[in-house]
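A.B. asks: My questions are about this predicted structure, shown below with the sequence.
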Amino acid sequence: MRLTNEEQAMLDGGQGQATRKAMQILVALGRIYGADRMLPVRSVQIAGVSYDNLGDAGLEWLSKMADGGGRACVTATLNPAGMDIENWQKLGIPAEFAEKQKRVIDAFVRMGVTPTCTCTPYLAGNKPSLGDILAWAESSAVCYANSVIGARTNREGGPSALAAALTGCTPEYGMHLDPNRQPGVTVKVQASLVDTADFGALGKAIGEKLETLGHKAIPFITGIEAASMEQLKSFCASIATYGGLAMFHMQGITPEACDFGPPAGDHLLITSDDLERARRSLCDALPHEVDFVSLGCPHLSIHEVARVAGLLSGKRVTKEFWITTSRPVKATADQLGYTAIIEASGAKFAVDTCCVVAPICGRFKAMATDSAKACYYAYSKNKFRTRLLDFDRVIEEALEDET
Ligand code: F3S
């Protein structure tokens, strides 16, 4: 790889041991993927924040990088942590876990990383523009950044994202190169999509169909007339989970779709039956088994929080109900009075965290949610059965009697 003098100096240790380690990680990655050079990044999103995933080994590595003088030189935010940093007790998080989680956040803060813990950084102060070079980790945010915003990022891992934050650069390969952003398969959707849950089911149906056919190509999706930001974030989370995709194009909706147009060759069709099958496959719990309800995968926007407040106003929930969002969105909810309405109902804000990365494995029997991605991890990581429901139905589920 060709390095600039400044990059070479970092590699030689001129800016301390942590920056040297960071540059070693990026050079190794660049060599593996055949990159010729580094690109300057506009912002970074770091995953590997929950102590539930990191464990002591991860905490130790982060502390070492902070002790070694690592310092972020670009905007860098964090993925959700394993708990609400301020109100962890309310969520039943053990004190020992909280102490370790705080040390993780402290290590990031010492490195100059903004401790906004969210998977929707684009709604919380880290919003890129078309064409920006990023180094983001968090599959749903990566897919959103590439597809909906038209910024450019590979699916970074926790260490490579932190390395990009400390050096301000990332190797040029993968999604940074024009040819790798071209669609390779057309997917025609012939189904009506109304709710965020429908878009999650669509992501599952497309992702699994492409996986089954062994397609690694970027899909060019047609047949969808309109999609809100909330529906697109649900779709991104799902297609990244079930199809492993970092990008898609959606005709008339995503910015680079018009640069390319539909590719010649393979066509796939997604029908209402496919969608219904995808939804059914995420409903293996019976209604009376649901003892946990969660909205906010990916983290809720302020519009969604407003909708929750409207539906919970003057009512009492009968089940543990987590509303997961970022701290900046929660601050707006506080100002607008939504927080008071929601908390009066007995529902809980779970800020900075989510139902997947919090240490709640085995704590509940079954979860109701509108998120196809949350269903996947609820089952695989936390051993819950699931019910994928429309957004408003999830709230009804939280209000229903347990009898
Ligand atoms: Fe975000 Fe957690 Fe879902 S990180 S995308 S809310 S699994």
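C.D. replies: Nice, I can see it.
A.B. asks: Tell me the secondary structure of the residue of the stretch 201-350 of the chain found nearest the ligand, please.
C.D. replies: Nearest to the ligand, among the residues of the stretch 201-350 of the chain, is Cys297, at 3.3 Å (Cβ to the nearest ligand atom). All C-beta atoms are positioned from the backbone trio N, CA, C, and that covers glycine. Secondary structure for Cys297, judged by DSSP: H, G, I helix; E, B strand; the rest coil, is strand.
A.B. asks: Likewise for Glu343?
C.D. replies: helix.
A.B. asks: so what's it closest to, chain neighbours aside?
C.D. replies: Leaving aside its chain neighbours, Glu343 sits nearest to Phe349 (7.2 Å; criterion: Cβ to Cβ, 6 or more residues apart in numbering).
A.B. asks: ok, the one you found - contacts?
C.D. replies: Listed by Cβ atoms under 8 Å, 6 or more residues apart in numbering, the contact partners of Phe349 are 84, 87, 322-325, 330, 333, 339, 342-343.
A.B. asks: Same check on Leu3?
C.D. replies: Neighbour list for Leu3: 11, 27, 37-38 [criterion: Cβ under 8 Å, 6+ apart].
A.B. asks: taking these one by one, which sit in strands?
C.D. replies: Met38 (DSSP state E).
A.B. asks: Counting neighbours, what do you get for Ile221?
C.D. replies: 29 (other Cβ atoms under 10 Å).
A.B. asks: Beta-bridge partners for it, please?
C.D. replies: Val187, Met250 (DSSP bridges).
A.B. asks: How much space separates it from Asp36?
C.D. replies: Between Ile221 and Asp36 the computed distance is 32 Å (Cβ to Cβ, to the nearest Å).
A.B. asks: ok, now Ala374?
C.D. replies: 40 Å.
A.B. asks: higher neighbour count, the two?
C.D. replies: Remark: of Ala374 and Asp36, Ala374 carries more neighbours, 31 against 10, as counted by other Cβ under 10 Å.
A.B. asks: Tell me the confidence at that one?
C.D. replies: You'll see Ala374 listed with a pLDDT of 98.
A.B. asks: Assess the claim that it and Cys297 are in contact.
C.D. replies: Yes - Ala374 lies in contact with Cys297 (Cβ atoms under 8 Å); the separation is 3.8 Å.
A.B. asks: what sits in contact with each of these two?
C.D. replies: 354-356.
A.B. asks: I'd like these as JSON lines, with secondary structure, neighbour count and distance to the ligand appended.
C.D. replies: Shown next, in JSON lines, are the shared contacts of Ala374 and Cys297 (DSSP: H, G, I helix; E, B strand; the rest coil; neighbours: other Cβ atoms under 10 Å; distance: Cβ to the nearest ligand atom, whole Å):
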{"residue": "Cys354", "secondary structure": "coil", "neighbour count": "28", "distance to the ligand": "3"}
{"residue": "Cys355", "secondary structure": "coil", "neighbour count": "26", "distance to the ligand": "7"}
{"residue": "Val356", "secondary structure": "coil", "neighbour count": "23", "distance to the ligand": "4"}
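A.B. asks: list the contacts for Glu172?
C.D. replies: Contacts of Glu172 by Cβ under 8 Å, 6+ apart are 30, 35-39.
A.B. asks: distance of it from the ligand?
C.D. replies: Separation of Glu172 from the ligand (Cβ to the nearest ligand atom, to the nearest Å): 27 Å.
A.B. asks: What does the pLDDT read for that residue?
C.D. replies: Looking at Glu172, its pLDDT reads 98.
A.B. asks: again with Glu211
C.D. replies: Looking at Glu211, its pLDDT reads 87.
A.B. asks: How about it: what's its closest non-neighbour residue?
C.D. replies: In space, Glu211 is closest to Gly243, 6.0 Å off (Cβ to Cβ, 6+ apart).
A.B. asks: burial count for that neighbour?
C.D. replies: 22.
A.B. asks: now do the one 5 residues further on
C.D. replies: Under the neighbour criterion other Cβ under 10 Å, Phe248 is assigned a count of 28.
A.B. asks: So it is in contact with Ala240, correct?
C.D. replies: No - contact between Phe248 and Ala240 fails when scored by Cβ under 8 Å: they sit 9.5 Å apart.
A.B. asks: what sits in contact with each of those two?
C.D. replies: Joint contacts of Phe248 and Ala240 (Cβ under 8 Å, 6+ apart) are Cys143.
A.B. asks: so what's Val27 up against?
C.D. replies: 1, 3, 11, 171.
A.B. asks: Can you give me the distance of it to the ligand?
C.D. replies: For Val27, the distance to the ligand - Cβ to the nearest ligand atom - is 29 Å.
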